[in-house]
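Colleague: Model the structure of this input:
(chains A and B)
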Number of protein chains: 2
Amino acid sequence: MPQDSKRRRRSGGRAGNAERRGAMAIEQMPWNPPVNIDRPVEPLYEEGVMAVHDGAMRILEEIGIEILNPEALEIFRASGGCTIKGENLRMGRDFVMEMIAKAPEQWTITPRNADRTITVGGNNLLFGNVSSPPSYWDMNLGRKVTGNREMCQNLFRLSQYFNCIHFVGGYPVEPQDIHPSIRHLDVLFDKLTLTDKAAHAYCLGKERVEDVMEMVRIAGGLTDEEFEATPRMYTNINSTSPLKHDFPMLDGWMRLARRNQGLIVTPFTLAGAMAPVTMSGAVAQSLAEGLVAVVLAQLIRPGAACAIGTFTSNVDMKSGAPAFGTPEYMRATQMTGQLARYYKLPMRASGVCAANVPDGQAMWETSNSLWSAVQAGANVVYHAAGWLEGGLIASPEKFVMDCEILQQIQRYMDPSLTATGPDEIAIDAIREVGDQGHFFGIQHTQDRYETAFYQPYLSDWRNFEAWEAAGGVWTAQRAHQTYQDILAEFEAPPMDVAIREELSAFVERRKAEGGAPTDF
Amino acid sequence: MPQDSKRRRRSGGRAGNAERRGAMAIEQMPWNPPVNIDRPVEPLYEEGVMAVHDGAMRILEEIGIEILNPEALEIFRASGGCTIKGENLRMGRDFVMEMIAKAPEQWTITPRNADRTITVGGNNLLFGNVSSPPSYWDMNLGRKVTGNREMCQNLFRLSQYFNCIHFVGGYPVEPQDIHPSIRHLDVLFDKLTLTDKAAHAYCLGKERVEDVMEMVRIAGGLTDEEFEATPRMYTNINSTSPLKHDFPMLDGWMRLARRNQGLIVTPFTLAGAMAPVTMSGAVAQSLAEGLVAVVLAQLIRPGAACAIGTFTSNVDMKSGAPAFGTPEYMRATQMTGQLARYYKLPMRASGVCAANVPDGQAMWETSNSLWSAVQAGANVVYHAAGWLEGGLIASPEKFVMDCEILQQIQRYMDPSLTATGPDEIAIDAIREVGDQGHFFGIQHTQDRYETAFYQPYLSDWRNFEAWEAAGGVWTAQRAHQTYQDILAEFEAPPMDVAIREELSAFVERRKAEGGAPTDF
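Modeller: Numbers count the residues shown, from 1 in each chain, chains lettered A, B, ... in the order given. Below is the predicted model of the structure:
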């Protein structure tokens, strides 16, 4: 990457620092998406699961969902299993269950680097970067600013750099210095050249969706047939809660379904605002809205790769502002997990907070949301790094801090931590040390000390005096330095020159054609 | 309390602020110790539980524990179930299991205010303040200083103020401006007058232990018989890992056992230092050390109120520094929970971190440790508020931040969050709002909006612009202001004048007698 080489030259001092530490900004865990080995936390008994399911089915049977897309309505109509009045769509539970049973319990996304293939479903746990904030904040600026392309590129660099980020969600910040008609072209070019992980398309009009699929195909060096042989990318759509799916989201959803790409539907049901104030009601509504999209995908392509997402949280009843990582949020996520397993669908959750800066509140809210995703048995965790202000701000420091938590979750899922063989119970070592010695020096420790414990890259475990002597730097400021160090050493993943040229030519041609219409 | 009245007068501005907000520094949850409604996280299968149990038993059978207390050794010898060589004590698993079966699965502590009675065991979850740091840090000072009595008193005020703090552990900071010979007298006077929750005695020599028991008896207005009728207070002892119990800890343990008070034993087994580098080995060793003390208590008083604690963590293998709230720490805590249930003993865990200041790292480490305590099914959570630097620093800001997390855990355990009755699934509300409306205004929401969601006292849920306009205050600084507001409005719990005088006279008399010897 020319711009990255230039950056490295410009920032020789920081690069020099990184080199003195051993040629890497940080020592991180290798690429190894974790498998969730814990039994999920299940707040609902069987009757509770059935009550939420019944609620979702009654919504679909008695109230219906508004489908603001004639083509989608036609597909539902042709199925023979639905009742349609105007744009109101209803369907019986037997039909719903029959259709969603066609969806696979797990599926893969194969990005241009096949080593980064991810499996969605089962006990697999995948983390992605923050997506879609309009604004940006970092410690250097110290203020909230409008997102631009450079910020977006730098957040792509973090998404690629961290091995605990397994897929690259939408725009990690909205680059508002690029005209909306061509923004998707420039950002996808950046995403596909700066990263080699599974990529995402926004469903914002047919031109954007088709352009992105074409760019992912080109970046992978794939024929159309190869592109459609297995999911190479994915989208995430939101319903317009309450009880509505709008035109462009469904349009994109159907385009990806036809081409066999990954499909995630995530209603945004804020309890007390767009959904009932009671959490199980908000979850039931969310499921009803989501299942409709899954049914649509299965009607288009039986076996289409679908996942159901949750974005159910509560509002601050004093102000109406959305809250995240709350106790209610955690329980809604866990309940959704129980229902996703009942429906045998992979599940998406998120790493979220309402905090405005990467401080203590940001960390307890984000910890709550990430751990509840883990406890829920979520497979795909969106916004797992970099999110602030309820998703309105992307922050590189928050990104670096969140990845520290994500690595710890990965390590937590390593079965070696709780192994109980004779070598781990270690009676001989305990006998050897007896009541006087110390375990540091013995062979049992020496054989294991390099890998026995998780080594954080961001936590400062020095005592106060040593920490103070080193400047007394708080976490967010340390994260800022790590971010700078990563940028200084970042190298884009390799890409064939011919592919890069083809991608670039595609972008230029589509720009010359005017990009996508912006009048919707 | 005279000093509190004076403080309120001195700090009229802050008190005025508090009054304008409605006469309270914060709106907090009422006193209502939570019940853990979740199934524990259990990383070990049955065979794993048996392997750790077998390891603990083999340590007791084949290696033994050094008992540096002749009286305790004599009790073990007289039992007829132990093998003693010098100070080395061994016992067979049948004897261990027979003895610990005498311990109750749950028991209560009744402090001077009987409304603050707590139940240890079952699914009950209790939180206590930080105990024993030698140093103190707050935002005003901005540096680490030696603890003194005023700091200790202020942390007692926080411990009393917050309803999510259910018992008052040891000294929340060590008041080093009081001579060690009389420190326990002054601190217990402060503790018993500034708080009315279950109190703790350090096992640091017979005079201190007896003085504290006497002071708790006086504060409760109890006869000796009443004091001994049920636990009125408790102690926590640590073994001297590896494989040793020292004299004063066991001395105090036995004194409390004889008088029917609460007994918690918590080995401090840092894996790779005082215990095997493998976590299951460190847990097995911790259990062996702990169970010996439980056996001792049951020999003294069959049915003595015991709990087994865990303080198993890992070290930073680069520096040897202890680490807390790590993935290894979480798993060790959960494994200990499984074994505590196997032994049918109440369990103690902790809220801990290695961070030096109340920043992001402090919150993710503390969240990890607190949630792992919850997941482990721990009954008693020590150091749940105010701990920094691996327990070397107490901080009021950290205390206020931690209590925010504790309240969220309390709320998380409220079964109403996951209720699934018809009123919660709320089909009628969903039908009423349909696809156009908003849930804010409907009756279903209006009937519930005041209690539907947890309301934090410290999280700032305003958007960035409103937050910035209000000063752009980060969490720790907000916590400092909350701390000041609480001090300004604090009122000590009522105490009968005659009892207060008796307590005061006891302290004066014991001071005149020279307090406790300091040559141990």
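Colleague: Would you state the strands of the stretch 51-200 of chain A in chain order?
Modeller: A:65-67, A:82-85, A:88-91, A:106-109, A:118-121, A:126-129, A:135-137, A:144-146, A:199-201 (DSSP state E, counting those that start in this stretch).
Colleague: Do a quick rundown of the helices in the stretch 101-250 of chain A.
Modeller: A:149-161, A:180-194, A:206-219, A:224-229, A:247-258 (DSSP state H, counting those that start in this stretch).
Colleague: Arrange those in a markdown table, one row each, with distance to chain B, mean pLDDT and mean neighbour count as further columns.
Modeller: C-beta here means a position set from N, CA and C on the backbone, and glycine is covered the same way. Formatted as a markdown table, the helices of the stretch 101-250 of chain A follow (distance: least, CB to the nearest CB, whole Å; pLDDT from 0 to 100; neighbours: other CB atoms under 10 Å in any protein chain shown):
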| stretch | distance to chain B | mean pLDDT | mean neighbour count |
| --- | --- | --- | --- |
| helix A:149-161 | 16 | 98 | 23 |
| helix A:180-194 | 23 | 98 | 22 |
| helix A:206-219 | 24 | 97 | 21 |
| helix A:224-229 | 34 | 98 | 13 |
| helix A:247-258 | 14 | 98 | 22 |
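Colleague: Nearest to residue B:65, out of those helices?
Modeller: Judged by CB to CB, the one of the helices of the stretch 101-250 of chain A that comes nearest to residue B:65 is helix A:149-161, at 49.2 Å.
Colleague: what about the lengthiest helix in chain A, average pLDDT?
Modeller: Across chain A, the longest stretch assigned as helix under DSSP state H is helix A:279-300. In this model, helix A:279-300 has an average pLDDT of 98.
Colleague: and if you look at stretch A:420-434?
Modeller: pLDDT averaged over stretch A:420-434 gives 98.
Colleague: Buried residues of it, list them for me.
Modeller: Across stretch A:420-434, burial judged by 16 or more other CB atoms under 10 Å in any protein chain shown covers A:420, A:423-427, A:429-430, A:433.
Colleague: restrict those to those near chain B?
Modeller: Among the buried residues of stretch A:420-434, the residues within reach of chain B (CB under 8 Å from any CB of the partner chain) are A:420, A:423-427, A:429-430, A:433.
Colleague: Give me the distance between the most centrally placed residue in chain A and chain B.
Modeller: Most central in chain A under CA atoms, centre = their mean is residue A:382, positioned 2.2 Å from the mean C-alpha point. Applying CB to the nearest CB, to the nearest Å, the value for residue A:382 to chain B is 19 Å.
Colleague: still on that earlier bit, which one of the strands of the stretch 51-200 of chain A lies nearest to residue B:360?
Modeller: strand A:135-137 (14.5 Å).
Colleague: That closest one pairs with which strands, and in what direction?
Modeller: Strand pairing for strand A:135-137, determined by DSSP bridges: strand A:144-146 (antiparallel), strand A:393-394 (parallel).
Colleague: Format these as CSV; extra columns: mean pLDDT, distance to residue B:215 and mean neighbour count.
Modeller: Below are the strands paired with strand A:135-137 laid out as CSV (pLDDT from 0 to 100; distance: least, CB to CB, whole Å; neighbours: other CB atoms under 10 Å in any protein chain shown):
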stretch, mean pLDDT, distance to residue B:215, mean neighbour count
strand A:144-146, 98, 55, 17
strand A:393-394, 98, 53, 30
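Colleague: want to throw these into TSV with distance to residue A:466?
Modeller: As requested, these are arranged in TSV below (distance: least, CB to CB, whole Å):
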stretch	distance to residue A:466
strand A:144-146	34
strand A:393-394	33
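Colleague: Out of those, flag the one nearest residue A:267.
Modeller: Closest of the strands paired with strand A:135-137 to residue A:267 is strand A:393-394, at 22.8 Å (criterion: CB to CB).
Colleague: what's the neighbour count on the residue of the stretch 101-250 of chain A found nearest chain B?
Modeller: For the stretch 101-250 of chain A and chain B, the shortest gap (CB to the nearest CB) falls at residue A:243, measuring 4.1 Å. If you count neighbours by other CB atoms under 10 Å in any protein chain shown, residue A:243 ends up with 28.
Colleague: So in terms of bridging, what pairs with the closest residue to residue A:292 other than its chain neighbours?
Modeller: Closest residue to residue A:292 apart from its sequence neighbours, by CB to CB, 6 or more residues apart in numbering or on different chains: residue A:65 at 5.0 Å. Listed by DSSP bridges, the beta-bridge partners for residue A:65 are residue A:89.
Colleague: So residue A:65 sits against residue A:244, correct?
Modeller: Yes. Here residue A:65 reaches residue A:244: they are 6.7 Å apart, a contact under CB atoms under 8 Å.
Colleague: and for these two, which residues touch both?
Modeller: Common contacts of residue A:65 and residue A:244 (CB atoms under 8 Å, 6 or more residues apart in numbering or on different chains): A:289, B:435.
Colleague: ok, back up a step: the residue nearest to residue A:292: what's it in contact with?
Modeller: Going by CB under 8 Å, 6+ apart, residue A:65 touches A:59, A:88-90, A:239, A:243-245, A:288-289, A:292, B:435.
Colleague: In CSV, list those along with distance to residue B:192.
Modeller: Output for the contacts of residue A:65, formatted as CSV (distance: CB to CB, whole Å):
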residue, distance to residue B:192
A:59, 57
A:88, 68
A:89, 67
A:90, 67
A:239, 58
A:243, 59
A:244, 61
A:245, 63
A:288, 57
A:289, 57
A:292, 63
B:435, 61
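Colleague: Between these, which sits nearest residue A:155?
Modeller: Set against residue A:155, the nearest of the contacts of residue A:65 by CB to CB is residue A:239 (26.7 Å).
Colleague: any idea how far residue A:301 is from residue A:101?
Modeller: Counting by CB to CB, to the nearest Å, the gap from residue A:101 to residue A:301 is 14 Å.
Colleague: between the two, which one's more packed in?
Modeller: The residue with more neighbours, out of residue A:101 and residue A:301, is residue A:301; 18 against 12, by other CB under 10 Å.
Colleague: And that one, how close does it get to chain B?
Modeller: Distance from residue A:301 to chain B, by CB to the nearest CB: 27 Å.
Colleague: Quick check: closest non-adjacent residue to that residue.
Modeller: Leaving aside its chain neighbours, residue A:301 sits nearest to residue A:257 (5.2 Å; criterion: CB to CB, 6+ apart).
Colleague: now residue A:88
Modeller: The shortest distance from residue A:88 to any non-neighbouring residue, by CB to CB, 6+ apart, is to residue A:64 (4.4 Å).
Colleague: wait, which of the strands paired with strand A:135-137 is closest to residue B:77?
Modeller: Proximity to residue B:77, assessed across those by CB to CB, is greatest for strand A:393-394 (67.5 Å).
Colleague: after the closest one comes which helix or strand?
Modeller: Scanning forward in sequence from strand A:393-394 by DSSP states H and E, the next helix or strand is helix A:396-412.
Colleague: Return the residue of chain A that is most distant from the centre.
Modeller: Distance from the C-alpha centroid of chain A, by CA atoms, centre = their mean, peaks at residue A:436 (49.8 Å).
Colleague: shouldn't the residue nearest to the centre of chain A be in contact with residue A:351?
Modeller: Yes. The criterion here is CB under 8 Å, and residue A:382 meets it with residue A:351 at 7.4 Å.
Colleague: What is the subsequent helix or strand relative to the helix or strand hosting residue A:329?
Modeller: Here residue A:329, judged by DSSP H and E, is contained in helix A:327-342. Past helix A:327-342, further along toward the C-terminus, the next helix or strand under DSSP H and E is strand A:347-350.
Colleague: Thanks a lot, catch you later.
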